[in-house]
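Student: any chance you could fold what I've pasted below:
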Amino acid sequence: MEYSRVFKMSFAGVYPHYLSKAEKKGKTKEEVDTIIFWLTGYDKKSLKKQIENRVDFETFFCRSSRYASKYQ
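Tutor: Model prediction:
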């Protein structure tokens, strides 16, 4: 299977754009993070670690507790 370019993009590079778009719509960083926590199973500490490590989207989702158990 050929992977899309998005899977190779750094989550840390896109995350600020998520925040910017949400703030333009009157939402907060905390609201964005809450959605990410719900979708992935990450908590505040583990999300921060993924951002600091500049993982790509594929790695970001593969390491998440909600998806890792389904696809391994």
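Student: now do residue 60 against residue 67, distance only.
Tutor: Note on residue 60: its distance to residue 67, by C-beta to C-beta, to the nearest Å, is 9 Å. Backbone N, C-alpha and C define where each C-beta goes, glycine included.
Student: how about the nearest residue to residue 6 once chain neighbours are set aside, what does it touch?
Tutor: Leaving aside its chain neighbours, residue 6 sits nearest to residue 57 (5.8 Å; criterion: C-beta to C-beta, 6 or more residues apart in numbering). Residues near residue 57 by C-beta atoms under 8 Å, 6 or more residues apart in numbering: 6-9, 11, 14.
Student: with residue 10 instead?
Tutor: 54-56.
Student: coming back round to it: which pLDDT value belongs to the residue nearest to residue 6?
Tutor: Listed pLDDT for residue 57 reads 94.
Student: same thing with residue 67?
Tutor: Note for residue 67: predicted pLDDT of 76.
Student: please apply the same query to residue 47.
Tutor: pLDDT at residue 47 comes out at 97.
Student: next one: residue 42
Tutor: According to the prediction, residue 42 has pLDDT 96.
Student: so it touches residue 61, yeah?
Tutor: No: judged on C-beta atoms under 8 Å, residue 42 makes no contact with residue 61 at a distance of 10.3 Å.
Student: and those two? Which one has more around it.
Tutor: Neighbour count, other C-beta atoms under 10 Å: between residue 42 and residue 61, residue 42 has more, with 20 against 17.
Student: and after whichever strand or helix holds residue 35, which helix or strand comes next?
Tutor: Residue 35 belongs to helix 29-40 when elements are defined using DSSP states H and E. Heading C-terminal from helix 29-40, the first helix or strand you meet, by DSSP H and E, is helix 44-52.
Student: please identify the buried residues of that following helix?
Tutor: Buried residues in helix 44-52, defined by neighbour count with 16 or more other C-beta atoms under 10 Å: 47, 50-51.
Student: what of stretch 54-62?
Tutor: Using 16+ other C-beta under 10 Å as the test for burial, stretch 54-62 gives 55-57, 59-61.
Student: roughly how far out does that stretch sit from the chain middle?
Tutor: Chain-centre distance of stretch 54-62: 8 Å, with C-alpha atoms, centre = their mean, to the nearest Å.
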